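J.: prediction below, plus the sequence it came from.
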Amino acid sequence: MFRPFAVVMLLSFALLTQSTYAQYRTDKKLQAQLKALTDSFHGVAGVYVLDLKTGREAAVNADTIFPTASIVKVPILVGIFDKIAQGVYTWHQPLVYHDSLARKGSGLMQFFKDSTPTDLQTITSLMITHSDNSAAVWCEKLAGGGVTINSWLEAHGFTDTRVNSRTPGREKNREIYGWGQTTPREMARLVTMIRNEQVVSPASSQVMYRIMTHVFWDEYALSQIPPYVQTASKQGMVDDSRSEVVMVNAPHGDYVFYVATKNNVDKRWVTDNEAWQFARKVSALLWNHFEPHSDWKPAPRIE
């Protein structure tokens, strides 16, 4: 139960964050370039980008709700660390995997043998780095489920970012958006908060950020950023919706962006899928915008 003082502090935090976002200045030139890319996409596309150093932003459909697919695993990650902070678990909490937890799709845990010993650090890391579905469903349950995670999101000023699956009362949202939903602006904000050590605690944020810098899925937006530049990211992919959130620790200042798509005409799972090409184009545009003197280019045939 929240005490009145805690409620006031949470409301003040939410209002302060919303006020801060309202003060960001629009980079009109960059926004026009991004709009040209989104307008040419066969489906619905959205982009939000923020230069953390200057406070300049660009937004196209940035407040439109999109399916998260596996990007919902970022709020689940927050939910796990919130439980650790409460003393419910430890980071190295011993756990035992059972094959009843297996989920198809991405990830390695579905191939574990039944009754395999593991720990919370392993399943949480697999959930983000390999987008492991089995680990994610397990972590969601350990975090208290969608109701608990959504309560944290609401308390911290997120109005559209929610877990839908296995969450009572969100059945209609799940039919529309699937496992989770968000907007480009909100998910970029959540990753920015993690970067700025404002989620759960500074120590929790640092560990979450380290995990997000070890992502396996680097063929899309990340492929347009030099491999020696650190990025923290998460990707989400289903047939007709593919999105990505990336924080770039660029030489001249950090920038964060979210590229989202839905109702995609091109549903192919091939390298040149239009949504993946769109993510690459946005990422390349942003790298060259923020690092105009860089002569780095992806090597020929890198794909």
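T.: Noted; the coordinates are in hand.
J.: CA atoms for contacts and neighbours, from now on please.
T.: Noted.
J.: helices of the protein, residue ranges please.
T.: For the chain, applying DSSP state H gives helices covering 4-22, 28-39, 73-85, 120-129, 133-142, 145-155, 171-177, 184-195, 202-212, 274-290.
J.: would JSON lines of those with distance to Val265, mean neighbour count and mean pLDDT be doable?
T.: Shown next, in JSON lines, are the helices of the chain (distance: least, C-alpha to C-alpha, whole Å; neighbours: other C-alpha atoms under 10 Å; pLDDT from 0 to 100):
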{"stretch": "helix 4-22", "distance to Val265": "33", "mean neighbour count": "13", "mean pLDDT": "46"}
{"stretch": "helix 28-39", "distance to Val265": "14", "mean neighbour count": "16", "mean pLDDT": "98"}
{"stretch": "helix 73-85", "distance to Val265": "25", "mean neighbour count": "23", "mean pLDDT": "98"}
{"stretch": "helix 120-129", "distance to Val265": "27", "mean neighbour count": "22", "mean pLDDT": "97"}
{"stretch": "helix 133-142", "distance to Val265": "25", "mean neighbour count": "22", "mean pLDDT": "96"}
{"stretch": "helix 145-155", "distance to Val265": "30", "mean neighbour count": "19", "mean pLDDT": "98"}
{"stretch": "helix 171-177", "distance to Val265": "17", "mean neighbour count": "15", "mean pLDDT": "98"}
{"stretch": "helix 184-195", "distance to Val265": "20", "mean neighbour count": "23", "mean pLDDT": "98"}
{"stretch": "helix 202-212", "distance to Val265": "30", "mean neighbour count": "18", "mean pLDDT": "98"}
{"stretch": "helix 274-290", "distance to Val265": "8", "mean neighbour count": "20", "mean pLDDT": "98"}
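J.: what's the closest of these to Ala232?
T.: helix 202-212 (4.7 Å; C-alpha to C-alpha).
J.: could you give the separation of the closest one from the chain centroid?
T.: The chain centre lies 14 Å from the centre of helix 202-212; the measure is C-alpha atoms, centre = their mean, to the nearest Å.
J.: what's in contact with that helix?
T.: Contact with helix 202-212 is made by 77-78, 81, 125, 128-129, 194-199, 231-234, as judged by C-alpha atoms under 8 Å, 6 or more residues apart in numbering.
J.: can you dump the C-alpha atoms of that helix in PDB for me?
T.: C-alpha atoms of helix 202-212 as PDB (Å, rounded to 0.1, in the frame of the first residue of the first chain):
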ATOM      1  CA  PRO A 202      21.000   3.500  -9.800                       C
ATOM      2  CA  ALA A 203      22.400   0.000  -9.300                       C
ATOM      3  CA  SER A 204      19.400  -1.700 -10.900                       C
ATOM      4  CA  SER A 205      19.500   0.700 -13.800                       C
ATOM      5  CA  GLN A 206      23.200   0.100 -14.400                       C
ATOM      6  CA  VAL A 207      22.700  -3.700 -14.500                       C
ATOM      7  CA  MET A 208      19.600  -3.400 -16.800                       C
ATOM      8  CA  TYR A 209      21.600  -1.100 -19.200                       C
ATOM      9  CA  ARG A 210      24.500  -3.600 -19.300                       C
ATOM     10  CA  ILE A 211      22.200  -6.400 -20.200                       C
ATOM     11  CA  MET A 212      20.700  -4.300 -23.000                       C
END
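J.: so what pairs up with Val47 in the strands?
T.: Val60, Val259 (DSSP bridges).
J.: okay if I get the helices of the chain as TSV plus distance to Asp266?
T.: Putting the helices of the chain into TSV (distance: least, C-alpha to C-alpha, whole Å) gives the following:
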stretch	distance to Asp266
helix 4-22	34
helix 28-39	15
helix 73-85	25
helix 120-129	26
helix 133-142	24
helix 145-155	31
helix 171-177	18
helix 184-195	21
helix 202-212	28
helix 274-290	6
